[in-house]
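K.L.:
What follows is a predicted protein model with its sequence.
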Amino acid sequence: MSDSSTEIRAERVRANGLDFHVNAAGEGDRLALCLHGFPELGMSWRHQLPRLASLGYRAWAPDLRGYGESDRPKGLAHYAIEELMDDVAGLIDAANPRETVLIAHDWGAMIAWQFAAHTVRPLDRLVILNGPPPGLPKRLTLAQLRRSAYVFFFQLPRLPEWVFARRGHAAIEGAFRRAAGRPENLDDVDLRRYREAAAKPGATTAMIDYYRALLRGGGMRRATTRGFPMIETPTLLIWGAADPVLVPSMTDDAGEWVKDLTRRFLPDVGHWVQQEAPNDVNEILSAWLMDAPVPGDPHWEPR
């Protein structure tokens, strides 16, 4: 299926009191809303937006609050998980769709899992790429805790910002390359755009404040107190099994949280799934959205 003729355009959308820069493709009242992760931008969905448009969706991929060209409020409280879910609700309300598919990766997935579990707005389908299911997975291993050490480093004041800012935010590019299974598929021009976005005044602090609000700000504690209802929305989970950040075993108990779950693993793909393996992701995503047989491997083998 060719998507080359579909143009991605830039839009401004007002939602939850903020202005969002949105990468958009397609038209109509069927919304596919794509949420990026850290330290990405809405452009991380550049390979998926034309495909979604070709399937009849109005596809939106916003820069999340604090990122890129979207508004960047100051202060930890502005990056609480509740605010992030309200952003998603506001974007859906602004689109006023008759059908909504929520597609999310990494930090976007953390927001999307919570959003779907608590039915903040009705969803017709949910797609998650390399983002562990809600709750504390029963298989949270010591290896995973070691891989997540950066989350605790991010709780420090100012030092993480200093580390990222050195040598023109070279650490941003380094993070992409280290977490990739197919680094040859990461374009130098795109990586430079991520670095330039992180270098905007206040951007790195805003990006890291997601993590600070989750731990120091009590977001994880509040989420645990709220609980995690069973997700009734049909859900597709696509996982790059060579991810050095999130081990595939994090998905083993996903069926306990999701009633209708389809899983597909990409064995040599790392953390940046939709950018490293755009064709694989697009074929899996298209088949699932069209209720056709879904290609790919539903199982993973420990290495």
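P.N.:
Sure thing, it's come through. Numbering: from 1, shown residues only.
K.L.:
What about S44, how many residues nearby?
P.N.:
S44 is flanked by 24 other residues according to other CB atoms under 10 Å. For glycine as for every other residue, the C-beta is placed from the backbone atoms N, C-alpha and C.
K.L.:
I'd assumed E276 was in contact with it.
P.N.:
No. Taking contacts as CB atoms under 8 Å, S44 lies outside contact range of E276: 10.7 Å.
K.L.:
Return the set of residues that bridge with the spatially most central residue of the chain.
P.N.:
The centre of the chain sits closest to H105, judged by CA atoms, centre = their mean, with a distance of 2.4 Å. Assessed by DSSP bridges, H105 has beta-bridge partners L129.
K.L.:
Let me see the backbone angles for the spatially closest residue to A165 that is not a sequence neighbour.
P.N.:
Take A165 and drop its neighbours on the chain: the residue closest to it by CB to CB, 6 or more residues apart in numbering is T204, 6.6 Å away. Dihedral pair for T204: phi -60, psi -40, per degrees, to the nearest 10.
K.L.:
And T204, how close does it get to R46?
P.N.:
In this view, T204 and R46 are 22 Å apart by CB to CB, to the nearest Å.
K.L.:
remind me which residues of the protein are low pLDDT?
P.N.:
Within the chain, the stretches with pLDDT under 70 are 1-5, 135-140, 302-303.
K.L.:
so where do the helices sit in it?
P.N.:
Here the chain has its helices, by DSSP state H, at 48-54, 81-95, 107-117, 142-147, 149-153, 159-178, 188-198, 203-215, 219-226, 273-276, 278-289.
K.L.:
CSV for these, including distance to D252 and mean neighbour count?
P.N.:
Shown next, in CSV, are these (distance: least, CB to CB, whole Å; neighbours: other CB atoms under 10 Å):
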stretch, distance to D252, mean neighbour count
helix 48-54, 26, 24
helix 81-95, 24, 19
helix 107-117, 15, 25
helix 142-147, 12, 11
helix 149-153, 21, 12
helix 159-178, 25, 16
helix 188-198, 31, 16
helix 203-215, 23, 22
helix 219-226, 20, 14
helix 273-276, 18, 26
helix 278-289, 20, 19
